[in-house]
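Visitor: Quick one: sequence plus predicted model below, questions after.
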Amino acid sequence: MLSIGSKIGMGVGASFLPESSVLKNFAKYISMGTGAILILLSILSIFWGHYIIGPICIALGGLMLVLEFAVPFLAQFNFFIIIFDYKVRGPMYILFCIPAFFSVFSIAGGLGCIASGALYAVLGFVKNEKPEVPQYQSQNDIEQGHGGKKKSSLASHDQEY
């Protein structure tokens, strides 16, 4: 009985939200901005005596930027496939706000972590969206897909006339 009510509630709640593509783009841009803010303001906080919180927030901001920008490269590692799921990424970004609230300089980054994590959690739990993980192709795979072996520029001189 409870599962029926929760499915109806999620369906009604999802109908009031914007399209999933809009939420995905908004969450991605908020995450990118939050990662940059965490890095920049945490560097500033190191100069004012936050020697432990500053580097932790820099590492978390860097991880956010790597997860948002290097999606095709990280898709080749099995460990990072789990992180691409919105049901994992949302709560993970929300947990990233904990060290950010220990310093005055990184409170804005902590609020951004909550906002981006909440959007990813809504995408995962309410909208039941699955992320599209791109397939990583190395340069050799791409070259062989476009005609087999790559010819050198000297190959044309080997022809007999």
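Guide: Received the coordinates, thanks.
Visitor: Quick one: mean pLDDT for stretch 99-113?
Guide: Across stretch 99-113, the average pLDDT comes to 91.
Visitor: Restricting to C-alpha, output stretch 122-131 in CSV.
Guide: Taking C-alpha atoms only, stretch 122-131 is exported to CSV below (Å, rounded to 0.1, in the frame of the first residue of the first chain):
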residue,chain,number,x,y,z
VAL,A,122,15.5,15.1,-7.9
LEU,A,123,16.6,13.8,-11.2
GLY,A,124,17.5,10.4,-9.8
PHE,A,125,14.7,9.7,-7.2
VAL,A,126,11.7,11.7,-8.4
LYS,A,127,12.2,11.8,-12.2
ASN,A,128,13.9,8.3,-12.3
GLU,A,129,16.4,9.5,-14.9
LYS,A,130,19.4,7.5,-15.8
PRO,A,131,22.5,9.3,-17.0
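Visitor: Buried by neighbour count: which residues of it qualify?
Guide: 122-127, 129, 131 (16 or more other Cβ atoms under 10 Å). Every C-beta, even on glycine, is put in place using the N, C-alpha and C of the backbone.
Visitor: from the chain's centre, how far out does it sit?
Guide: Mean-position distance between stretch 122-131 and its chain equals 14 Å (Cα atoms, centre = their mean, to the nearest Å).
Visitor: same deal with stretch 93-109?
Guide: Per Cα atoms, centre = their mean, the centroid offset for stretch 93-109 relative to its chain is 18 Å.
Visitor: Thanks again, I'm all set now.
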